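Visitor: Below: sequence and its predicted model.
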Amino acid sequence: MDHNNDIPDEAITGASEAKQNLTPTTETTDAENNLPVILSIYWSFLWRSVAVGLLTLLIFSFILGFVLAMIDKVELAETLGGIATIVIAVPVGIWALGSALNKPHKGYSIVFSKKKEL
């Protein structure tokens with residue numbers, strides 16, 4: 001036992017062994033791209049981008065149309081709606097892709113690793 005510390009050495013050793021036993025084990029592998037995993041990733045991305053994109057565009061289009069109708073500039077709705085579609089769709093798509101890649105797919109998780117240069 002260390003005189004500067006009131007905790008016995010056995011307790012510290014036991015705590016570190018218990019911590020090691022609780023550490024999750026993960027296996028890293030270069031999995032082959034197979035169709036079920038690819039379709040799982042694609043579907044996860046697709047439904048998020050479509051659902052969130054449509055909902056966001058619907059709300060924005062309603063507000064934009066209402067405001068433009070109030071100020072009698074309905075002809076601007078088509079132009080501004082087209083611009084808004086791109087402005088909204090790009091960040092929604094980026095979010096949907098990131099969210100889909102963070103989910104487990106058929107028992108696999110996607111991890112990015114930097115390749116070592118030779």
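Guide: Cool, the structure landed.
Visitor: and the residue nearest to the spatial centre of the chain, what element?
Guide: When C-alpha atoms, centre = their mean is applied to the chain, the residue found nearest the centroid is Ser99 (2.0 Å). Secondary structure assigned from DSSP states H and E places Ser99 in helix 76-102.
Visitor: which is the next helix or strand following the helix or strand bottoming out on mean pLDDT in the chain?
Guide: One helix or strand of the chain scores below all others by mean pLDDT, DSSP states H and E: helix 9-22, with a mean of 49. Note on helix 9-22: by DSSP H and E, the next helix or strand toward the C-terminus is helix 35-70.
Visitor: Report the buried residues of that following helix.
Guide: 37, 40-41, 44-45, 48-49, 52-53, 57, 60-61, 64, 68 (16 or more other C-beta atoms under 10 Å). Quick note: C-beta positions are derived from backbone N, CA and C, even for glycine.
Visitor: Distance-wise, check the closest residue to Ala84 other than its chain neighbours relative to Ala96.
Guide: Closest residue to Ala84 apart from its sequence neighbours, by C-beta to C-beta, 6 or more residues apart in numbering: Phe60 at 5.7 Å. According to C-beta to C-beta, to the nearest Å, Phe60 stands 17 Å off from Ala96.
Visitor: ok, now Lys103?
Guide: Counting by C-beta to C-beta - Lys103 and Ala96 are separated by 11 Å.
Visitor: and these two? which has more neighbours close in?
Guide: Between Lys103 and Ala96, counted using other C-beta atoms under 10 Å, the more crowded position is Ala96 (20 against 13).
Visitor: What pLDDT does the model give the more buried one?
Guide: Note on Ala96: pLDDT of 93.
Visitor: so it makes contact with Tyr42?
Guide: No: contact between Ala96 and Tyr42 fails when scored by C-beta atoms under 8 Å: they sit 11.2 Å apart.
Visitor: In contact with the residue nearest to the centre of the chain: list those residues for me.
Guide: Ser44, Arg48 (C-beta atoms under 8 Å, 6 or more residues apart in numbering).
Visitor: and it, how far is that from Ile59?
Guide: Ser99 sits at a distance of 20 Å from Ile59 (criterion: C-beta to C-beta).
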